[in-house]
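Enquirer: quick one: sequence and predicted model below, then my questions.
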Amino acid sequence: MSKRILITGAATGFGHGTAIGLAKAGHSVVAGVEIWPQVTALLNDAEAAGVELEVLKIDITNPDDCAVAWERDVDIVVNNAATGETGPISEIPVDRVRRVFEVNVFGTLGFAQPFVRRFAERGHGKVVFVSSIAGFSTFPFLAPYCASKHALEAIVQLMREETDGTGVQVCTINPGPFWTGFNHRMYDTLDQWYDPAKHFTAEGPIREIQGKFKDRSIEFDPQIMIDKMVEVIPKDHHAFRTVCPEEVVPDVKAYQAELWDLQI
């Protein structure tokens, strides 16, 4: 059955591919992008792909953008917009961490709430949060992003529990490492402020991690994730948490188990 689906963060990466993929599958898609030039770019990409999208400027931290999006009558909302910062958490400027939380936590929650209310009032609707395996594991020098996704995981888990019985479906999608460029650009943000001559955190380990994320061998083809999202998002029934690819699940579970035995 065709669904009416709104997805944020559709200018690039998973959001871009998923918006077009859902439209190809016959769904009516409202695709949100952050800035005006991305509207034109996505409309052009949709035309080239032979599909129709309604493309809106939706910066989820902008009240005017959100108000326009909230007017759309949809069955499913996919909260995909996100940002990230990197650097040693002991030294990164707190304003950079705050910005990540403004988008990934506060902006995401604030954007979702009016849809949740509408879905509860009418007795059906689905809210999808694109989180990450960083929501239940950590990676060196990625604390701002990991912390924001850990917070989002708690919010979504409790939203699912607290909306039980209202007809609102709540779930997460948790990508592993994929070659979209998002991870690379996150690690690039470090170079806007980190100076090894001024900061006490050694430069070597930071550059080693940066280098790893420039190696395609540790990341997966993003089409795998896009295909999974196109499959899962419209479904009426599936697991609360969709982790992809499945190969990362054992490592994540092992990481969580090891935390119980750590000593200081």
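Expert: Structure received.

Enquirer: distance from the longest helix seen in the chain to the middle of the chain?
Expert: What stands out as the longest helix in the chain, according to DSSP state H, is helix 143-162. How far helix 143-162 lies from its chain's middle: 11 Å, per Cα atoms, centre = their mean, to the nearest Å.

Enquirer: next one: stretch 105-119
Expert: 15 Å.

Enquirer: residues contacting that stretch, please?
Expert: Stretch 105-119 has contacts (Cβ atoms under 8 Å, 6 or more residues apart in numbering) with 6, 8, 58, 60-61, 66, 69-70, 74, 77, 79, 81-82, 125-127, 129, 148, 151-152, 155, 159, 163, 166-168, 170. The C-beta positions use only the backbone N, C-alpha and C, and glycine is treated the same way.

Enquirer: then the longest helix of the chain to CSV, C-alphas only?
Expert: Extracted C-alpha coordinates of helix 143-162, given in CSV (Å, rounded to 0.1, in the frame of the first residue of the first chain):
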residue,chain,number,x,y,z
ALA,A,143,32.0,12.0,21.7
PRO,A,144,29.7,14.8,20.5
TYR,A,145,28.0,12.6,17.9
CYS,A,146,28.0,9.5,20.1
ALA,A,147,26.6,11.4,23.1
SER,A,148,23.8,12.9,20.9
LYS,A,149,22.8,9.5,19.5
HIS,A,150,22.9,7.9,23.0
ALA,A,151,20.5,10.7,24.1
LEU,A,152,18.3,10.1,21.1
GLU,A,153,18.1,6.3,21.8
ALA,A,154,16.8,7.0,25.3
ILE,A,155,14.3,9.5,24.0
VAL,A,156,13.0,7.1,21.3
GLN,A,157,12.8,4.1,23.7
LEU,A,158,10.8,6.0,26.1
MET,A,159,8.6,7.6,23.4
ARG,A,160,7.8,4.1,22.2
GLU,A,161,6.9,3.0,25.8
GLU,A,162,4.9,6.1,26.6
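
Enquirer: just the C-alphas of the following helix or strand past it, formatted as CSV.
Expert: Where DSSP states H and E defines the elements, the next helix or strand beyond helix 143-162 is strand 168-175. In CSV, the C-alpha atoms belonging to strand 168-175 read as follows (Å, rounded to 0.1, in the frame of the first residue of the first chain):
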residue,chain,number,x,y,z
VAL,A,168,1.6,5.6,17.2
GLN,A,169,4.5,3.4,16.0
VAL,A,170,8.0,4.5,17.1
CYS,A,171,11.2,2.9,15.9
THR,A,172,14.9,3.5,15.2
ILE,A,173,17.1,2.7,12.2
ASN,A,174,20.8,2.3,13.2
PRO,A,175,23.3,2.4,10.4
